[in-house]
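Coordinates for the following, if possible.
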Amino acid sequence: MEALIPVINKLQDVFNTVGSDSVQLPQIIVVGTQSSGKSSVLENLVGRDFLPRGSGIVTRRPLILQLVHIDPDDRSGADDVPADAEAWGKFLHTKNKIYTDFDEIREEIERETDRLSGNNKGISSDHISLKIYSPHVLNLTLVDLPGLTKVPVGDQPPDIEVQISELVLQYISNPNSIILAVTAANTDMATSEAIKLAREADPDGRRTLAVFTKLDLMDAGTDAVDILCGRVIPVKLGIIGVINRSQMDINQRKNIKDAIKDESAFLQRKYPALASRNGTPYLAKTLNRLLMHHIRDCLPQLKTRVNVMASQFQSLLQSFGDPVEDHNDRSQMLLQIITKFAAEYCATIEGTSKNIETSELCGGARICYIFHETFGRTLDSIDALGGLTQLDILTAIRNATGPRPALFVPEVSFELLVKRQIRRLEEPSQRCVELVHEEMQRIVQHCGTQELLRFPKLHDRIVEVVTSLLRRRLSPTNIMVENIVGIELAYINTKHPDFADAGLVSMLVQNHEMDQRRKKAGDDTPDHVRPSRPNPQPGSEAAGGKDGGWMTKMMSGGGRSGSQESIASMATAPASVENSPGPRQPTGVNLLDIVPAPAPSRKLSSREHRDCDIIQRLIKSYFLIVRKNIQDSVPKAVMHFLVNHVKDNLQSELVGNLYKQECIDDLLSESEQIAARRKEAAEMLKALQKASHIISEIRETHLW
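Numbers count the residues shown, from 1 in each chain. Sure, this is the predicted structure:
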């Protein structure tokens, strides 16, 4: 086991570089109530007076004490240490300053404690790191914590007991730590707070060692034999009794060597049978042995941890890349970064990116969602007659007839009203273009590679170029979408194959006439039971006149263009829509507000009802045709004018704007943060590789 001491000494230096948060090192945590003698035990282990002493709470910040054994004949690595110095100390917060006077070490601990904790009994969880080199110590890592207390004093907060308990549990919960539970002999061990906390963190007692201090202060006529033998409270790793120097001894500067001699004499006189298994020298050997065994048990896990961290930092260092100094290499790197970004941008749109997002839709998938869910459902939610009242229809019919009373419904009123409804499709179409443009802008953030993070100026310029390209393409795309709607408004094609106008209007006229006859005759026979009206004679088309238009021909019964199936379907299919209480509710994201239709202000005549029904049915039929065309044409226009154009021209735009000899050095100027992180990663990797090499040199024979 002693062969592990120099190896652990090397690992200690390596892990100081890595940091104890990354690798949980085996260490000894000293726990006890206030004034139980914790600091005295540590001074006895070191053999020097270096800790603040006094009554009340003295240790007010955690002190991580690293004891490093040195060979007095070998002073390699101690060139800055005076030749006559036998032992010395170093603080982490004072960097490389060496303290050969241990009184100065005590003063520095007091100053550093007062700096964060104040000078009126306040505590702090920030630790102080102290490393002591001496030929009279064994390699140990100890942590001295503030003593457990109950009542706040001075500037201490009301919950001081809870704060100190949580601080102690934070340290002793480390599975690689050994708990040194210190209890004063002049108190009842059954009330020991240190033993209680140790059992909470270590229920099995596998890593708890109890220390019984102040054996010389027990009441006359009592002894600690039962306690030291474990008959009162058993502790698996044992209970060791020690004697501390009194405050008078400290004031008179009694030497620790003399104190240890007096301790040995007291144990031989008072506890002769137990003297060999108690005292400060036996405690130091026991702690060293326990720590060595603990290191042996933790070594496989420690080796795995070091290797895993080395691999992680190797990957991190590679992601930062190597510093590029040559100008030709910089030109080549800039071109590679531009090409890689353009390829990643296009792959995100196509859905072939290596880093596929799983938390939300992005890229091409989101564009597809905009086309078919957001835009498509918004168009489906638009009512063909939304915002159009019967009074509006009647007003349009009258305005279209001028001063003459109308015999038939004028077709000008139909065109006027249907154009008004078609214009309502332009706003959601424009909004669809905006949503796709926003998503194309968001894709830039998904394509942020490590190289772009490394060069922030290049990243900013790439974002500017992409934004400029998208902004330039936004105007032609909007113009094309406006033209699509304008094309539909330019010509109302009443001869469209899907527009079953003649049969629809003729059937409405027939149904209206039959209703009038039935009302006059008082017959309530349903229409679908009655025989159908015979078709008009071939010559009846002339009754409507030659210049009456397509609407006039339909009203006169001629010009029937649809088959019987289309007539039946148009007569029955819209019923579900017409009889619905209001416009259909959208199932997706609606881009328009629903405008409620006000009720007519007066009762309409049968003729007016007939005219309104005709216009409403025609508007619905033609509006559905136009909506279907726009729902198909707008996504195609957006893909052609915006998405595909950006994909095809992105790389050429980036090269044309960024690949300039005078701008290369500025664009590839690395951020200071990345340079610092690369340096830290390189140092960490070097330390981990060194630690892995040290651990690999340990033979199995050294562990037993």
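
what pLDDT does the closest residue to Gln661 other than its chain neighbours get?
Spatial nearest neighbour of Gln661, excluding adjacent residues (C-beta to C-beta, 6 or more residues apart in numbering): Ser331 at 7.5 Å. Every C-beta, even on glycine, is put in place using the N, C-alpha and C of the backbone. Here the pLDDT value assigned to Ser331 is 80.

Can you list the residue ranges for strands in the protein?
Along the chain, counting by DSSP state E, strands occupy 27-32, 63-69, 88-91, 98-99, 128-134, 140-144, 177-184, 208-213, 239-241.

so how far is stretch 231-239 from its chain's centroid?
48 Å (C-alpha atoms, centre = their mean, to the nearest Å).

next one: stretch 668-688
On C-alpha atoms, centre = their mean, the centre of stretch 668-688 falls 24 Å from that of its chain.

Next, the buried residues of that stretch.
Along stretch 668-688, these residues count as buried under the neighbour rule (16 or more other C-beta atoms under 10 Å): Leu668, Glu670, Ile674, Arg677, Arg678, Ala681, Met684, Leu685, Ala687, Leu688.

Identify the residues contacting the closest residue to the last one other than its chain neighbours.
So that's Leu688. Nearest non-adjacent residue to Leu688, counting by C-beta to C-beta, 6+ apart: Ala310, 4.1 Å away. In this structure, Ala310 makes contact with Leu685, Leu688, Gln689, Ser692, judged by C-beta atoms under 8 Å, 6 or more residues apart in numbering.

Relative to Thr141, which of the residues you listed is nearest.
Leu688 (19.2 Å; C-beta to C-beta).

how much does the lengthiest helix in the chain deviate in direction from strand 27-32?
Counting by DSSP state H, the longest helix found in the chain is helix 280-320. Interaxial angle, helix 280-320 versus strand 27-32 (axes from the mean of the first three to the mean of the last three C-alpha atoms, to 10 degrees): 130 degrees.

quick check: mean pLDDT across helix 280-320?
pLDDT averaged over helix 280-320 gives 81.

burial count for Arg420?
Neighbour count of Arg420, defined by other C-beta atoms under 10 Å: 15.

Hmm, it is touching Gly386, no?
No - with contacts counted by C-beta atoms under 8 Å, Arg420 stays clear of Gly386, the gap being 10.6 Å.

roughly how far is the longest helix of the chain from the heart of the chain?
Distance, centroid of helix 280-320 to centroid of chain: 31 Å (C-alpha atoms, centre = their mean).

repeat for stretch 94-104
44 Å.

start to end distance for that stretch?
13 Å (C-alpha to C-alpha, to the nearest Å).

List the contacts of it.
48-50, 80-82, 85, 87-91, 105, 108.

cool, and stretch 347-362?
344, 363-365, 367, 369, 439, 442-443, 446-447, 643, 647.

Just name the closest of these to Arg60, please.
Nearest member of those to Arg60, counting by C-beta to C-beta, is His446, at 50.4 Å.

hang on, the closest one packs against Gly364?
No - at 11.4 Å, His446 and Gly364 do not qualify as touching, with contact defined as C-beta under 8 Å.

the more surrounded of these two?
Gly364 (19 against 14).

Next, count neighbours for the residue lying closest to the more buried one once chain neighbours are set aside.
Among residues not flanking Gly364 along the chain, Ile349 sits closest, at 4.5 Å (C-beta to C-beta, 6+ apart). Per other C-beta under 10 Å, the neighbour tally for Ile349 reads 21.

Which pLDDT value belongs to Ile349?
86.

Dump the buried residues of stretch 668-688 to a markdown table, plus pLDDT.
A markdown table is the format used below for those (pLDDT from 0 to 100):
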| residue | pLDDT |
| --- | --- |
| Leu668 | 73 |
| Glu670 | 73 |
| Ile674 | 73 |
| Arg677 | 78 |
| Arg678 | 79 |
| Ala681 | 81 |
| Met684 | 81 |
| Leu685 | 83 |
| Ala687 | 79 |
| Leu688 | 81 |
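
will you turn those residues into JSON lines that also has distance to Gly154?
Conversion of the buried residues of stretch 668-688 to JSON lines gives the following (distance: C-beta to C-beta, whole Å):
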{"residue": "Leu668", "distance to Gly154": "58"}
{"residue": "Glu670", "distance to Gly154": "51"}
{"residue": "Ile674", "distance to Gly154": "47"}
{"residue": "Arg677", "distance to Gly154": "43"}
{"residue": "Arg678", "distance to Gly154": "47"}
{"residue": "Ala681", "distance to Gly154": "45"}
{"residue": "Met684", "distance to Gly154": "41"}
{"residue": "Leu685", "distance to Gly154": "47"}
{"residue": "Ala687", "distance to Gly154": "42"}
{"residue": "Leu688", "distance to Gly154": "44"}
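
so what's the closest residue to Asn307 other than its chain neighbours up against?
Nearest residue to Asn307 in three dimensions, chain neighbours excluded: Ser692, at 6.0 Å (C-beta to C-beta, 6+ apart). Applying C-beta under 8 Å, 6+ apart to Ser692 gives the contacts Lys303, Val306, Asn307, Ala310.

hmm, try it at 10 Å
Residues counted as contacts of Ser692 (C-beta atoms under 10 Å, 6 or more residues apart in numbering) are Val14, Lys303, Val306, Asn307, Met309, Ala310.

Hmm, Ile338 is touching Ile462, no?
Yes - if you go by C-beta atoms under 10 Å, Ile338 and Ile462 touch, sitting 7.7 Å apart.

okay, and the common contacts of these two?
With C-beta under 10 Å, 6+ apart, Ile338 and Ile462 have common neighbours Leu650, Leu654, Asn657, Leu658, Leu667.

Please tell me which one of those counts the most neighbours.
Busiest of those [other C-beta under 10 Å] is Leu654, holding 23 neighbours.

From the centroid of this protein, which residue is nearest?
In the chain, the centroid-proximal residue (C-alpha atoms, centre = their mean) is Ser359; its distance is 10.9 Å.

Just the pLDDT for that residue.
At Ser359, pLDDT is 71.
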